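pasting the structure only:
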């Protein structure tokens, strides 16, 4: 797929961003390079490589989940701008 100035202008219009003529040309050249690199990756043989989720060995670093007493409602709502019946009051956004 060829990336030219017209394609960049169309995508910029859809994204609602303004690009100068210089930026459009520079971006078209950069995107063309990215697409060419991706096309080069298509030729790489990966049949004998096992899939990995991460390149480094990972281990879970989270603490164990231990249930405990939560904060009292009055303390939680102490700084709330609009507490309503033991809950946080928020403005209605759906009509």
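The structure has been received and is ready for your questions. If you're wondering where the values come from, they're calculated on a predicted model, not measured in any experiment.

next, the most centrally placed residue in the chain: phi, psi?
Most central residue of the chain, judged by C-alpha distance to the mean C-alpha position with CA atoms, centre = their mean, is residue 15 at 15.8 Å. When read as degrees, to the nearest 10, the backbone of residue 15 gives phi -80, psi 0.

for it, give me the pLDDT.
Confidence at residue 15, expressed as pLDDT, is 95.

do you have the helices of the protein handy? List them.
Assigned by DSSP state H, the chain shows helices spanning 5-15, 21-41, 73-76.

give me the nearest residue to residue 9, chain neighbours excluded.
Nearest non-adjacent residue to residue 9, counting by CB to CB, 6 or more residues apart in numbering: residue 24, 6.2 Å away. C-betas here are computed from N, CA, C, even on glycine.

low-confidence stretches in this structure?
When residues are selected by pLDDT under 70, those of the chain lie in 1.

buried stuff in stretch 32-44?
residue 32 (16 or more other CB atoms under 10 Å).

burial of residue 8, as a residue count?
By other CB atoms under 10 Å, 21 other residues sit near residue 8.

list the contacts of it.
Neighbouring residues of residue 8 by CB atoms under 8 Å, 6 or more residues apart in numbering: 19, 24, 27-28, 31.

ok, 7 Å please
The neighbourhood of residue 8, defined by CB atoms under 7 Å, 6 or more residues apart in numbering, consists of 24, 27-28, 31.

quick check: it vs residue 21, distance?
Separation of residue 8 from residue 21 (CB to CB, to the nearest Å): 11 Å.

one step back: rebuild the helices of the chain as CSV, extending it with distance to residue 47.
Supplementary listing: these in CSV, determined by distance: least, CB to CB, whole Å:
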stretch, distance to residue 47
helix 5-15, 34
helix 21-41, 14
helix 73-76, 56
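
so which of those gets nearest residue 82?
For residue 82, the closest of the helices of the chain is helix 73-76, at 13.6 Å, according to CB to CB.
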